[in-house]
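got a structure for you, letters missing:
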Ligand SMILES: CC(C)(COP(=O)(O)OP(=O)(O)OC[C@H]1O[C@@H](n2cnc3c(N)ncnc32)[C@H](O)[C@@H]1OP(=O)(O)O)[C@@H](O)C(=O)NCCC(=O)NCCS
């Protein structure tokens with residue numbers, strides 16, 4: 001399928017998302033809980049999907065190339081997810097809204113200027129911009145659900161500090177399945193039509209409990225003392241910052257609000273989003289499904305890249321010194337490529353321009369830390385790497401992605417334990433995966449089961465054909 005057709009489909013789905021969000025917005029003023037609002041929206045969406053399938057279900061969506069079977073299914077239209085759509089040139093839109101738009105539209109904390117991730121979750125789930133009161137109610141709800149079982153605390157306390165924080169994170173999230181409402185309801189024979197309710201409860205519990213898990217991992221691994229209690233009068237990001245020991249730094253709390261919001265979701269096909277959806281399609285509960293997402297996010301070509309970027313920058317500094325010349329940086333970038341390694345933080349499977357999540361973090365840096373030496377190095381690298389990747393001629397996208405910037409911001413405020421960075425990415429990614437799992441169960445998404453072929457079969461299918 002040509003990229004222009006794909007772009008026109010992206011535009012259409014954007015405008016239908018906008019139309020739907022406008023329709024939803026008209027009833028948003030009633031101050032319902034998220035679950036009440038969702039219960040109202042589900043029947044209409046079921047009808048919407050039925051109508052689309054009745055009208056278009058038997059139409060071809062374009063050819064599948066053999067190259068796509070071998071090539072990691074790049075660009076293969078294969079999934080449905082309304083929460084966010086990724087345009088190769090313009091980047092991510094959440095329910096039709098760009099990052100600057102959500103920064104403008106979503107409720108903020110008192111005195112803050114970054115969006116609250118609570119609002120982004122409401123938007124992802126309903127397509128509506130929530131009121132301040134709805135967002136505050138969500139903060140309180142999550143604070144009330146935040147405690148983790150004692151055995152999960154013990155499990156984390158027994159992990160050796162040498163076990164990667166992402167492995168600990170995945171272990172703890174898997175263990176939360178012990179108290180899954182969905183798994184229990186399934187055992188008790190809940191009707192398929194009712195799946196979304198217990199899935200919703202698990203997803204809310206999942207998001208709510210992640211700060212206590214992440215905070216405990218951080219404090220255990222880096223010897224930062226006991227985990228403080230959740231403050232039910234504060235928002236999710238403040239509590240996350242407090243569990244890490246950074247709540248007194250207001251700019252860090254603001255950074256976390258932005259960070260969680262922009263890392264939440266990136267269409268349905270990326271490894272973490274798709275892994276969660278795939279495992280959820282087996283009716284594994286949301287804890288098991290999200291643990292699969294985390295295991296994918298832990299890979300260096302996906303979420304771990306934010307750790308890799310910082311390691312790479314630090315290695316470069318130790319080799320060529322601080323305040324190095326452009327020539328020295330260029331030489332270092334070339335040596336990375338010549339050693340058969342990727343330049344972390346650059347390139348993307350879908351994007352073909354600078355990632356707007358990179359740009360949002362750059363704006364934050366320009367506002368809050370314009371003179372930070374590492375930020376200056378990131379800016380210098382930004383001026384150099386794309387030209388080199390273009391000259392090297394392999395990468396389809398020479399521009400920076402989200403991971404090129406996040407570590408520098410976290411380091412600036414003192415969170416310099418690089419191998420913890422992907423855990424924060426994981427906390428954020430739960431928002432998108434959870435929203436998707438709720439809708440998959442609401443719409444009765446079936447077990448995923450694509451067809452695989454052998455190379456021999458491919459040869460036979462095309463034998464004698466040009
Ligand atoms: C993100 C990424 C995995 C996308 O992979 P992809 O869709 O296969 O990308 P492309 O189609 O552009 O890859 C074509 C070639 O360019 C190379 N390439 C892509 N990005 C590159 C980079 N940043 N540095 C060096 N080489 C790169 C690929 O490794 C591939 O090489 P190969 O043909 O020898 O296998 C890839 O760009 C990458 O490895 N980036 C660095 C890691 C990173 O930042 N990940 C976070 C993504 S949000």
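That came through, no problem. Keep in mind it's a predicted model, so treat the numbers as computed, not measured.

CA only for contacts and neighbour counts going forward, please
Will do.

can you list the residues of the protein near the ligand?
301-302, 305, 342-349, 394-397, 401 (C-alpha under 6 Å from any ligand atom).

Could I have the buried ones of the residues you listed as PyMOL selection syntax?
Only the buried members of these enter the following PyMOL selection, criterion being 16 or more other C-alpha atoms under 10 Å:
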select buried, resi 301+302+305+343+344+345+346+347+348+395+397+401
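
out of the residues of the chain next to the ligand, who's nearest residue 192?
Nearest to residue 192 out of the residues of the chain next to the ligand is residue 302 (C-alpha to C-alpha; 33.5 Å).

Next, the closest one: secondary structure please.
coil (DSSP: H, G, I helix; E, B strand; the rest coil).

ok, now residue 162?
coil.

hmm, back to that, among the residues of the chain next to the ligand, which are located in helices?
residue 305 (DSSP state H).

State the number of residues packed around the closest residue to residue 132 other than its chain neighbours.
Spatially, and ignoring its direct neighbours in sequence, residue 132 is nearest to residue 107 (5.5 Å; C-alpha to C-alpha, 6 or more residues apart in numbering). Neighbourhood size, residue 107 [other C-alpha atoms under 10 Å]: 25.

what does residue 335 give?
Neighbours around residue 335, by other C-alpha under 10 Å: 12.

mind checking which helix or strand it is in?
Per DSSP states H and E: residue 335 is located in helix 326-338.

Same question for residue 46.
Here residue 46 is assigned to helix 34-56, by DSSP H and E.

next structured bit after that helix?
Helix 34-56 is succeeded, C-terminally, by helix 66-70 (DSSP H and E).

Residues in contact with whichever helix or strand comes after that next one: which ones?
The helix or strand immediately downstream of helix 66-70 is strand 84-87, counting by DSSP H and E. By C-alpha atoms under 8 Å, 6 or more residues apart in numbering, the residues outside strand 84-87 that reach it are 7, 10, 14, 92-96, 124, 265-268, 350-351.

So which of these is the closest to residue 368?
The closest of these, once distances to residue 368 are taken by C-alpha to C-alpha, is residue 92, at 24.0 Å.

Would you check that the closest one makes contact with residue 98?
Yes. Counting by C-alpha atoms under 8 Å, residue 98 is a contact partner of residue 92 at 6.5 Å.

which of the two has more neighbours?
residue 92 (23 against 16).

ok, residue 390 touching residue 384?
No. Residue 390 is beyond contact range of residue 384, at 10.5 Å (criterion: C-alpha under 8 Å).

number of nearby residues for residue 451?
Residue 451, neighbours per other C-alpha under 10 Å, totals 6.

again with residue 282
Using other C-alpha under 10 Å, residue 282 has 14 other residues around it.

Same check on residue 465?
6.

Show me the helices in the stretch 301-450 of the chain, by range?
Per DSSP state H, counting those that start in this stretch, the stretch 301-450 of the chain carries helices over the ranges 305-320, 326-338, 356-368, 373-392, 403-412, 421-442.

OK, contacts around the residue nearest to residue 132?
115-116, 119, 130-132, 135.

Among these, which one sits closest to residue 82?
Nearest member of those to residue 82, counting by C-alpha to C-alpha, is residue 119, at 16.6 Å.

Just the pLDDT for the closest one.
pLDDT for residue 119: 98.

chain center to the helix or strand it falls within: distance?
Following DSSP H and E, one finds residue 119 within helix 117-126. Centroid separation between helix 117-126 and its chain, computed with C-alpha atoms, centre = their mean, to the nearest Å, is 13 Å.

Following element in sequence after that helix, please.
Using DSSP H and E, the helix or strand that follows helix 117-126 towards the C-terminus is helix 132-145.

Show the contacting residues for the residue of the stretch 151-300 of the chain found nearest the ligand.
The nearest approach of the stretch 151-300 of the chain to the ligand comes at residue 300, 6.5 Å away (C-alpha to the nearest ligand atom). Counting by C-alpha under 8 Å, 6+ apart, residue 300 makes contact with residue 308.

now with 6 Å?
By C-alpha atoms under 6 Å, 6 or more residues apart in numbering, the contact list for residue 300 is empty.

buried residues in the helix holding residue 119?
117-126.

and if you look at stretch 256-275?
Judged by neighbour count using 16+ other C-alpha under 10 Å, the buried positions of stretch 256-275 are 256-275.

now stretch 373-388
374-378, 380-382, 384-386, 388.

do the same with stretch 35-51
35, 37-38, 42.

Include pLDDT when you put those into TSV, please.
Shown next, in TSV, are the buried residues of stretch 35-51 (pLDDT from 0 to 100):
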residue	pLDDT
35	98
37	97
38	98
42	98
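
Let me know the closest of these to the ligand.
Using C-alpha to the nearest ligand atom, the buried residues of stretch 35-51 come closest to the ligand at residue 38, 30.7 Å.

quick one: the closest residue to the closest one other than its chain neighbours from residue 83, how far?
Nearest residue to residue 38 in three dimensions, chain neighbours excluded: residue 126, at 6.4 Å (C-alpha to C-alpha, 6+ apart). For residue 126, the distance to residue 83 equals 9 Å [C-alpha to C-alpha, to the nearest Å].
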